[in-house]
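1. Need a 3D model of the following:
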Amino acid sequence: MTQPYRFDKTHDAADVHAQFPDLEPGTETETVVTVAGRLMLRRVQGKLAFGTLQDATGRIQLFASAQGTPSLITTSAVKSLEPRMSDEPTP
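-> Numbers count the residues shown, from 1 in each chain. Below is the predicted model:
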């Protein structure tokens with residue numbers, strides 16, 4: 001029997017927005033949060049990677065160095081999920 005994967009999050013998207021209401025785009029903080037959701041958008045442009053993570057409370061824009069982002073996440077894993085997501089029936 002396969003054990004379900006467990007992921008302990010510390011924040012929802014709404015919590016992050018509430019904690020940083022005036023954070024300008026591109027600004028970094030020393031705060032580390034763990035969020036869980038669905039990766040709705042992924043773009044790798046040269047040495048940069050962008051994404052949009054959505055959970056039940058809202059969306060968060062992600063930004064990372066493509067070099068610092070595992071290639072498994074930025075290319076292989078997401079690409080392998082895309083055909084299955086497009087084949088799922090829409091409710």
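
2. make it CA atoms for all contacts and neighbour counts henceforth
-> Will do.

3. List the buried residues of stretch 19-35.
-> The neighbour-count check on stretch 19-35 (16 or more other CA atoms under 10 Å) flags V35 as buried.

4. Send me it as CSV with only the CA atoms.
-> Extracted in CSV, the C-alpha atoms of stretch 19-35 (Å, rounded to 0.1, in the frame of the first residue of the first chain):
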residue,chain,number,x,y,z
GLN,A,19,1.4,39.7,5.9
PHE,A,20,2.9,41.8,3.0
PRO,A,21,0.2,44.1,1.7
ASP,A,22,2.6,46.8,0.5
LEU,A,23,5.4,44.6,-0.9
GLU,A,24,6.5,46.0,-4.2
PRO,A,25,7.1,43.6,-7.1
GLY,A,26,10.7,42.3,-7.0
THR,A,27,11.2,43.1,-3.3
GLU,A,28,12.7,40.3,-1.2
THR,A,29,12.3,39.7,2.5
GLU,A,30,14.0,37.4,4.9
THR,A,31,10.7,35.7,5.8
VAL,A,32,10.4,32.0,4.7
VAL,A,33,6.9,30.6,4.1
THR,A,34,5.7,27.3,2.9
VAL,A,35,2.6,27.3,0.7
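
5. average pLDDT for it?
-> Per-region confidence: stretch 19-35 scores 86 on mean pLDDT.

6. ok, now stretch 53-62?
-> Mean pLDDT, stretch 53-62: 91.

7. CA atoms only: put that stretch into CSV for me.
-> The C-alpha trace of stretch 53-62 is given here as CSV (Å, rounded to 0.1, in the frame of the first residue of the first chain):
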residue,chain,number,x,y,z
LEU,A,53,0.8,29.3,-7.6
GLN,A,54,-2.9,29.1,-6.8
ASP,A,55,-4.6,27.7,-3.7
ALA,A,56,-8.2,28.0,-2.4
THR,A,57,-7.5,31.5,-1.0
GLY,A,58,-5.8,33.2,-4.0
ARG,A,59,-2.7,33.4,-6.1
ILE,A,60,1.0,34.1,-5.5
GLN,A,61,3.5,35.0,-8.2
LEU,A,62,6.8,33.1,-8.0
